[in-house]
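Chemist: The sequence and its predicted three-dimensional model are supplied below.
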Amino acid sequence: MDQSRLAEVLLRIEHRHEDGTWGALERRRSHHDVSDHDPEREWVDGQLYACTTCDELIRVRAPEGGPSEPR
């Protein structure tokens, strides 16, 4: 399995709004092109997720030197 997609398969990512409600976060994708299938591209900047309600962004990435970064 592609490790860059692991969070999407195993986890539901949410964040809490000021009013106490929770918003689901979905992976933010740019328009589809060939580079979208390049996992090395994702290692550098991590993955962006946007709240489906308020459009707030978060970034999920491996810590420096983590197992998903190229050596």
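Modeler: Structure received.
Chemist: Can you tell me which helix or strand of this protein has the lowest average pLDDT?
Modeler: Here the helix or strand of the chain ranked lowest by mean pLDDT, DSSP states H and E is helix 39-45, holding a mean of 60.
Chemist: gap between residue 22 and residue 64?
Modeler: Remark: distance between residue 22 and residue 64 (Cβ to Cβ, to the nearest Å) = 30 Å. The C-beta positions use only the backbone N, C-alpha and C, and glycine is treated the same way.
Chemist: between these two, who's got more neighbours?
Modeler: More crowded of residue 22 and residue 64, by other Cβ atoms under 10 Å: residue 22, with 12 against 6.
Chemist: which residues does that one form a beta bridge with?
Modeler: Using DSSP bridges, the beta-bridge partners of residue 22 come out as residue 16.
Chemist: so who does it touch?
Modeler: When contacts are counted by Cβ atoms under 8 Å, 6 or more residues apart in numbering, residue 22 is found next to 14-16.
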